Structures are given as C-alpha cells and as structure tokens.
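one predicted model, sequence on top.
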Amino acid sequence: EIPRQVLNRDVQIGFVKERPISHELECINAYVDEVIVIASPRNKLARAKDISIVDLDCFPIVLHRQSKTTQRMMLRVFEKYQIRCNVVAELGNFENIKQFVQADVGIALVPRITVESDLERQTLVELPLRELNQKRSTLMIFRANYLPDAAKELIRIMREFGPQPNLDDAVASAKAPALV
C-alpha cells in the first residue's frame with residue numbers, strides 16, 4: 001500500500017518495514033529497534049533469569065495482526081525449535097496488546113520502543129529469551145527524482161543523523177530470525 005502511494009506520487013515519502021520490490025524507489029534506514037518478549041509482572045516466567053524458546057511451548061501468545069514481519073519471524077523460530085504456537089489473541093494495536101499482556105492473558109513480541117515507559121514503570125517486564133536477537137528496521141522510501149525541497153532536506157537530515165547500520169543487514173535481520 002505505502003510503496004504504491006509513493007510510486008503514484010500520492011505521497012513523497014513513506015515508511016515501511018521491508019525493502020520495496022520496485023527499483024524506482026530508493027530507501028534509507030530511518031530507525032532500528034529491537035523486538036523483545038514482554039509479560040505481566042505476575043506471569044510465571046517474569047522472574048526467570050534465563051528463558052529458552054522451549055519454555056514457551058503452548059504458552060499463550062498475543063500477536064499484532066498487522067505486524068506480519070514480526071509474526072513470520074516468530075513463527076519461523078517456533079518451527080525451528082518445534083514449539084507449538086498458542087495464539088490466544090490477534091489485536092490491531094500495541095496499546096491493546098500491552099493491556100492484554102498486563103492482564104496476564106499471554107506474552108507478546110513487540111518493538112522495544114512501544115513498551116519502554118511500561119518497562120520503566122514495571123507494569124510490564126521483558127523476558128530474557130536467549131534465542132531471540134532480532135532487530136527491526138523502519139525504512140524511509142521515496143522517488144529520488146520527484147521530490148520537493150522539504151522532502152530532500154528531510155532525507156538529507158536522516159542520512160546525516162539517522163541510524164547508520166548497513167541497510168542490507170538491517171533488512172535481512174527483519175526477514176530472518178537471529179538465533180543463538
């Protein structure tokens with residue numbers, strides 16, 4: 001949807017999780033975040049110092065229905081370790097996911113940025129899942145030849161001050177789980 005809008009010039013700049021297929025679009029890394037597993041402080045795994053993926057066999061999991069990249073990554077990890085994935089809810093936004101997790105309905109994989117304040121307030125806890133080392137990139141996409149000055153300036157600023165990891169590595173990380 002977003003790449004099509006940029007290609008059609010409905011918008012000058014878009015933000016996506018995966019590199020677009022079209023060669024007419026350029027992209028730069030706009031933001032890199034880590035995917036983490038969260039739980040309620042009351043959850044039986046919350047006090048564990050080290051958790052393995054096998055500890056999550058049949059454990060209730062809350063998913064973000066629109067976060068397909070994270071969902072695919074999680075399902076590949078579960079499949080690799082032959083873990084049964086017990087999805088108890090698929091919700092449309094991270095606020096609802098956090099509420100379900102706080103109510104101890106299940107655990108969830110979320111971008112760290114979505115729960116930083118909850119972790120600080122200790123209304124949620126991060127589970128130390130040793131097999132998960134997953135980065136999640138947000139890419140800024142645009143048509144280089146068709147940009148107004150303001151969009152060019154935003155791109156210049158992002159290139160100068162934005163995250164600097166290798167774009168191919170960050171995008172590959174979003175597609176394949178980093179397993180230890």
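Good, I have the coordinates.

now the one helix or strand residue 75 maps to: how far from the chain's centre is it?
Residue 75 belongs to helix 68-80 when assigned by DSSP states H and E. Centroid separation between helix 68-80 and its chain, computed with CA atoms, centre = their mean, to the nearest Å, is 12 Å.

from the contact counts, what lies against that helix?
strand 60-64, strand 107-111, strand 134-142, helix 167-175 (3 or more CB pairs under 8 Å, 6 or more residues apart in numbering; DSSP states H and E). Quick note: C-beta positions are derived from backbone N, CA and C, even for glycine.

try 6 Å
If contacts are counted by 3 or more CB pairs under 6 Å, 6 or more residues apart in numbering; DSSP states H and E, helix 68-80 sits against no helix or strand.

now the angle between strand 107-111 and it, please.
Using axes from the mean of the first three to the mean of the last three CA atoms, to 10 degrees, the inter-axis angle of helix 68-80 relative to strand 107-111 is 130 degrees.

just the CA atoms of helix 68-80, as PDB, please.
Only the C-alpha atoms of helix 68-80 are listed here, as PDB (Å, rounded to 0.1, in the frame of the first residue of the first chain):
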ATOM      1  CA  LYS A  68       3.500  -9.500   9.600                       C
ATOM      2  CA  THR A  69       7.300  -9.300   9.600                       C
ATOM      3  CA  THR A  70       7.500 -10.000  13.300                       C
ATOM      4  CA  GLN A  71       4.800 -12.600  13.100                       C
ATOM      5  CA  ARG A  72       6.700 -14.500  10.300                       C
ATOM      6  CA  MET A  73       9.900 -14.200  12.300                       C
ATOM      7  CA  MET A  74       8.300 -15.600  15.400                       C
ATOM      8  CA  LEU A  75       6.600 -18.500  13.600                       C
ATOM      9  CA  ARG A  76      10.000 -19.500  11.900                       C
ATOM     10  CA  VAL A  77      11.700 -19.500  15.300                       C
ATOM     11  CA  PHE A  78       8.900 -21.700  16.800                       C
ATOM     12  CA  GLU A  79       9.000 -24.000  13.800                       C
ATOM     13  CA  LYS A  80      12.800 -24.400  14.000                       C
END
